[in-house]
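[1] sequence? don't have it. structure:
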């Protein structure tokens, strides 16, 4: 099967996943006790006003009807509107997704850039000092709760050492670069606006660092384990025996053999980081999906909750597909099908 | 007589294990001359592969440790070289092929990529220090192109049809026998002085086995290779080698020209081995074995390690390691049944 056919098939397979996801989220969000219409209408609203609002929002219909209406809207790209702000959820998503994506991507880049070399060194010096240090360090990283670490970092790096602003994505009074991708760092680079790039980076690095720690630990450990396995491969013995230099063996041959496992954990961690971003975004006041999700959940604001969940589902599925394609690029024995 | 290429003298190798120290090699002596096709036979666990892997120093240390002895290659003691010198030595002088051609090629890279690296590093790394740097630099593209030519020639040499197109394939697109040919090509890329073949046909089926052995023999003729062939299969030795050493429990117990060994085995263990080879005429009698099992390497028997199983055991066998007894100029036996040249105490 060619890669194009494979991609199309995989993309179509996202649909049943999203239907399942929407059913679960829809049911749970409507079953939980609470009075969203009442909340939206406010404490002074008369019963007539409430009824009118409920009818306006389609909340007076039966649950299956509401679900079908919602899904029909989704097909047209209509995510509904927030009960509370009365804004289009689709518009909100468009503003918040790039922020979360930027944070998560930066975190995963941090985690890979530090975790992969640490894993390699750990494996090469198995059970020696560098290995023990890397393992203890990664144990620390994975054990620190992100919200606690975030606050410590804010006080140390942000306040005491003044190395980074402690909240937001960009100085509030500055004009951000023209939106192309929505990622401020990328957009400012595309516009060759290095001052903005610096400011965006300054806001980005601290939350990304905090967010990356859990993933950093997993990536280190998995890379170490898979490197050890790959180093024990017979082909390494052959390569050494016929005189290929050790550096070339490790960096070219062994690393590629070990990379499938590392890639798997990176893509899984990417999903976890998006979910984990909720905490970090709240603490750093980062205007992303996580913060939006928390606010909407507190108000039982169905439409944004549904929309955000669907977006998480879509991004997660896309990352999975990308990973599967990458497997095939790394390992020639893998066939798409 | 031809010039001495490799001499292993009194090699002792130990492994630290959970149950204590395993004395895997206890005084191996072996001499290869240039142009020899030398067989090293013995049953599983006798130390033949350990002897072979000691030469390129591929035994992991720790847990392994060479406690005594020397390995002299072309007048240089390999055990005194640093790891970096050894890396270059392997590139320039040694070729090694192993048992399982399926796992010994890297599955993620094309044969071209692996063979080109073998060519580049064996041809250049052995001679200059900064060849590594030049091999990875962009200007090395021409070098890789030249190496590709050489790689195709090598595949041709080892008998892979349509080498120029097959070279772009991945290992999993080759059969087991073909993969072993690729591995032989990789080992020969730098025209090594010595080819160490560690059970090169054990994982292959019989017809392919014969093809690979024929290939090795033809390469010996064409390239003037010296080969150390490790096997547990006496048939392979008979077909391929000119000289043979028999190992038992970490020592060479008999060495001889091949025909001489089969016609006139002297050591009781060798006699037992040759009797154990199944023959057409002895079909009805079933298989003949040597009673007993190989000794525990953590607690080997004193004296001759074969004495607990030996039908001719005598008093000195239990206390003293036998030294060489020369039957003819090329035929040595290490057994107390024959007059000892000198006495060695354990």
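    Yep, that arrived. Keep in mind it's a predicted model, so treat the numbers as computed, not measured.
[2] and the gap between the residue of the stretch 1-150 of chain B found nearest chain A and residue B:85?
    Closest to chain A within the stretch 1-150 of chain B is residue B:91: 2.6 Å, counting by CB to the nearest CB. Yep, even glycine has a C-beta here, placed from its N, CA and C like the rest. Separation of residue B:91 from residue B:85 (CB to CB, to the nearest Å) stands at 11 Å.
[3] neighbour-wise, which of the two wins?
    The neighbour count for residue B:91 versus residue B:85, taken as other CB atoms under 10 Å in any protein chain shown, is higher for residue B:91 (27 against 12).
[4] Can you name the helix or strand that the more buried one falls in?
    According to DSSP states H and E, residue B:91 maps onto helix B:83-93.
[5] Give me the below-cutoff pLDDT ranges for the stretch 101-250 of chain B.
    For the stretch 101-250 of chain B, residues meeting the criterion pLDDT under 70 lie at B:125-140.
[6] Can you show me the strands along it?
    B:194-198, B:226-231, B:243-248 (DSSP state E, counting those that start in this stretch).
[7] what's the shortest one in contact with?
    Defining contact as CB atoms under 8 Å, 6 or more residues apart in numbering or on different chains, one finds that strand B:194-198 is touched by A:241, B:5-6, B:32, B:49, B:52-53, B:55-56, B:73, B:93-99, B:187-188, B:216, B:219, B:225-230.
[8] do that again at 7 Å, thanks
    Here strand B:194-198 makes contact (CB atoms under 7 Å, 6 or more residues apart in numbering or on different chains) with B:5-6, B:49, B:52, B:55-56, B:93-99, B:187, B:216, B:225-230.
[9] secondary structure element for the residue positioned nearest the centre of chain A?
    The centre of chain A sits closest to residue A:274, judged by CA atoms, centre = their mean, with a distance of 2.6 Å. Using DSSP H and E, residue A:274 maps to helix A:255-284.
[10] same thing with residue B:24?
    Using DSSP H and E, residue B:24 sits in strand B:20-33.
[11] ok, residue B:211 to chain A distance?
    20 Å (CB to the nearest CB, to the nearest Å).
[12] so what's that residue closest to, chain neighbours aside?
    residue B:177 (6.2 Å; CB to CB, 6 or more residues apart in numbering or on different chains).
[13] Was I right to think that neighbour contacts residue B:203?
    No: applying CB atoms under 7 Å as the test, residue B:177 and residue B:203 come out as separate, 10.1 Å apart.
[14] just to revisit the earlier point, and the residue of the stretch 1-150 of chain B closest to chain A, what pLDDT?
    pLDDT for residue B:91: 86.
[15] How about the secondary structure of the residue lying closest to it once chain neighbours are set aside?
    With CB to CB, 6+ apart as the measure, residue A:243 is the residue that lies nearest to residue B:91, at 2.6 Å, once sequence neighbours are left out. On the three-state scheme (DSSP: H, G, I helix; E, B strand; the rest coil), residue A:243 is labelled coil.
[16] now stretch A:274-288: how far from the chain's centre is it?
    From the chain centre to the centre of stretch A:274-288 is a distance of 10 Å (CA atoms, centre = their mean, to the nearest Å).
[17] ditto for stretch B:80-90
    For stretch B:80-90, the distance to the chain centre is 19 Å (CA atoms, centre = their mean).
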